[in-house]
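Give me the fold of what follows.
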Amino acid sequence: MIKSIVLSMLLTTAMAVTGPGAAASKEAGQETPITQTAGEKEESEASGAELTMLSGAGGSQMLGVVIHSEGGKTVVIDGGWDDDGDQLLETIKRKGQKVDVWLITNPHSDHIGALRHILRERADQILIDKIYYSFAPLSWYEEVAPEDAPTVSTLMEELRKLPQGTLCDTIKKGFEIEAGDIHITVLNDRYALDSDPINNSSIVYSVKAGGQTILFLGDMGYDGGYRLLKDSEELLKADLVQMAHHGQNGVDKPVYQAISPRVCLWPTPQWLWDNDKGEGYDTGPWRTIETREWMQSLGVSENYCIKDGEIVLQLKE
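Model prediction:
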């Protein structure tokens, strides 16, 4: 029987999910949720909110998260690549075919491609109530990241086709969003920095669901992280954190110190987790190993990573 991981505010036993069962299912080409259960809680006993972190279809870094509340509301964060759109759509349909709130952190293809695919190819299969984001004018992307401008442009074209009132593209620090018993706070204005411009333009969301606080950092980079620390340090504390920029070359350690998480969510494939450019462990240019060491030094021992397949967490008081 499939069991989900139950995360409780009262849970004191930390359990990592890197077990062989998940790896074996992936090798066989089967995408199944992680089967380990924390605290001996059966899925049938679980209540509260459910967080699903998609594993991705192509073995690349991506971010796609679906949160479904006990009250029946659904929140999506980003979604992943175009090729992840079908997996995301099926997850949404299992939750009732309606997205109450869709949050976009940044317009890189590994974050917004799935949404673009759904809007283009299968928009009639689900209902999207609201989409929240903050994009710069297209001319800014053409100037600072011309290789990414076509992605932004095509998404904007699809968004303009949606019914009036669906889009909310002016969110700023302090903006609050309610989806039933899920509460969301925007923690920053969109930064326009010269360094790593699109990653540092990520919108950071603090999501309260199932009695827990989950911080979504998107692809926030080094300089943006220090700006975030200066602007919103008192708001960063969270139980769970999505690792910035897939756990490498994102925010610096002091940002994670301010967050002080119990649980890390890694939207990170195996090769990036191992910093492996194809020549073995820690042979690549990415900073994932260093980031993993930071989190260990901060006392985090619960790390859930998409290298192990789709992750399903039950969030409880």
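
for this structure, what are the low-confidence residue spans?
With pLDDT under 70 as the threshold, the chain has low-confidence stretches at 1-47.

ok, which stretches of it are helices?
Using DSSP state H, the helices of the chain run over 20-27, 85-94, 109-121, 138-144, 149-159, 197-200, 222-232, 253-259, 270-273, 288-297.

do you know which of the ones you listed lies nearest Ile182?
In terms of Cβ to Cβ, the element of the helices of the chain nearest to Ile182 is helix 85-94, at 15.1 Å. For every residue, glycine as well, the C-beta is placed using N, CA and C.

Which secondary structure elements does that closest one sit against?
strand 64-68, strand 74-78, helix 109-121 (3 or more Cβ pairs under 8 Å, 6 or more residues apart in numbering; DSSP states H and E).

Go through that helix and flag the buried ones.
Within helix 85-94, the residues that count as buried by 16 or more other Cβ atoms under 10 Å are Gly85, Gln87, Leu88, Leu89, Thr91, Ile92.

Reformat those residues as CSV; add distance to Phe135.
Shown next, in CSV, are the buried residues of helix 85-94 (distance: Cβ to Cβ, whole Å):
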residue, distance to Phe135
Gly85, 20
Gln87, 25
Leu88, 20
Leu89, 23
Thr91, 25
Ile92, 23
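
ok, back up a step: turn the helices and strands packed on helix 85-94 into TSV, including distance to Glu147.
Output for the helices and strands packed on helix 85-94, formatted as TSV (distance: least, Cβ to Cβ, whole Å):
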stretch	distance to Glu147
strand 64-68	22
strand 74-78	19
helix 109-121	10
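
Just say which of those is most tucked in.
strand 74-78 (a mean of 27; mean count of other Cβ atoms under 10 Å).

what's in contact with that one?
For strand 74-78, contacts defined as Cβ atoms under 8 Å, 6 or more residues apart in numbering pick out 63-69, 88, 92, 95-96, 98-105, 111-112, 114-115, 179, 182, 184, 205, 207, 209, 216, 218, 242.

Can you check what angle separates it from helix 85-94?
160 degrees (axes from the mean of the first three to the mean of the last three Cα atoms, to 10 degrees).

Distance-wise, check the closest residue to Glu310 other than its chain neighbours relative to Leu229.
The shortest distance from Glu310 to any non-neighbouring residue, by Cβ to Cβ, 6 or more residues apart in numbering, is to Ser55 (4.6 Å). For Ser55, the distance to Leu229 (Cβ to Cβ, to the nearest Å) stands at 31 Å.

more neighbours, these two?
Ser55 (26 against 17; other Cβ atoms under 10 Å).

My guess is that one contacts Cys305. True?
No: counting by Cβ atoms under 8 Å, Ser55 does not reach Cys305; the two are 9.4 Å apart.

shared neighbours of these two, anything?
Shared contacts of Ser55 and Cys305, counting by Cβ under 8 Å, 6+ apart, come down to Ile311.

can you give me phi and psi for the residue sitting furthest away from the middle of the chain?
Computed with Cα atoms, centre = their mean, the residue of the chain farthest from its C-alpha average is Glu279, at 28.4 Å. Main-chain torsions, Glu279, degrees, to the nearest 10: phi -120, psi 10.

That one and Trp271, how far apart?
11 Å.

what's the answer for Lys307, then?
Distance, Lys307 to Trp271, using Cβ to Cβ: 9 Å.

try Glu121
As for Glu121, its distance to Trp271 is 29 Å (criterion: Cβ to Cβ).

out of Lys307 and Trp271, which sits in the busier spot?
Lys307 (21 against 17).

Just give the nearest non-adjacent residue to that one, would you?
Leaving aside its sequence neighbours, Lys307 sits nearest to Gln270 (Cβ to Cβ, 6+ apart; 4.1 Å).

residues in contact with that neighbour?
Shown in contact with Gln270 (Cβ under 8 Å, 6+ apart): Gly59, Asp276, Lys307.

how about Arg292, what does it touch?
Gly247, Trp273, Asn303 are the contacts of Arg292 under Cβ under 8 Å, 6+ apart.
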